[in-house]
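1. what would the 3D arrangement of this be:
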Amino acid sequence: MRYGRSVKVSILKRVLPPERKSIRSTSRETGISEQTIRNWIKAVKDGKMHVEADEKSPRFYTNKEKYHILLEAARISEEDLGAFLRERGIHSEHLTLWDQELREMVTKKESGKDKKLKKLNKKIKQLEKELARKDKALAETTALLVLKKKLDALTEGNEDD
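-> Predicted structure coming up:
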């Protein structure tokens, strides 16, 4: 499969300094084989390909970049939005999709926190129950010890007679 220049550049920016993301994780995220990415890196090192800073495919924007673009787009008027999108090489559909993706991520994260909170609350109740049981057992043992000492003291007094 052949990839466009903007795709290559965006992938190379991920794996080359300063990001230095692993080739394996980048390959998994993008669906581009590890060997293809290694070939692109070799081409850059050999001087056959150059990585310019201004080229990037919208498909490979990070979530942080998507979020910033969404914030910028929200501040822009409808008349200026088209120019803004063209300047960045993206479509209005990208904004809709990214907004949906980010909302789903936040919802998923919150539901994960809710599950974790419920699990921790259950664990706390279980530990409190266990602690109450042990407190009762300790109180019973203490009472038995006190009674035994009193009995020993009484029997000692009777033996002396």
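
2. could you list the low-pLDDT ranges of this protein?
-> Along the chain, segments meeting pLDDT under 70 span 1, 52-57, 159-161.

3. what about the residue most central in space within the chain, helix or strand, and which?
-> Compute the mean C-alpha point of the chain, and by C-alpha atoms, centre = their mean the closest residue is Lys109, 7.6 Å away. If you go by DSSP states H and E, Lys109 is part of helix 92-160.

4. over to Leu85?
-> helix 78-88.

5. picking up where we left off before, and the gap between the residue nearest to the centre of the chain and Gly89?
-> 29 Å (C-beta to C-beta, to the nearest Å). C-betas here are computed from N, CA, C, even on glycine.

6. and if you look at Arg103?
-> Distance from Arg103 to Gly89, counting by C-beta to C-beta: 24 Å.

7. among the two, which residue is more densely surrounded?
-> Remark: of Arg103 and Gly89, Gly89 carries more neighbours, 13 against 10, as counted by other C-beta atoms under 10 Å.

8. once you drop chain neighbours, what's closest to the more buried one?
-> Pro58 (6.5 Å; C-beta to C-beta, 6 or more residues apart in numbering).

9. same check, this time on Asp99
-> Leu70 (5.9 Å).
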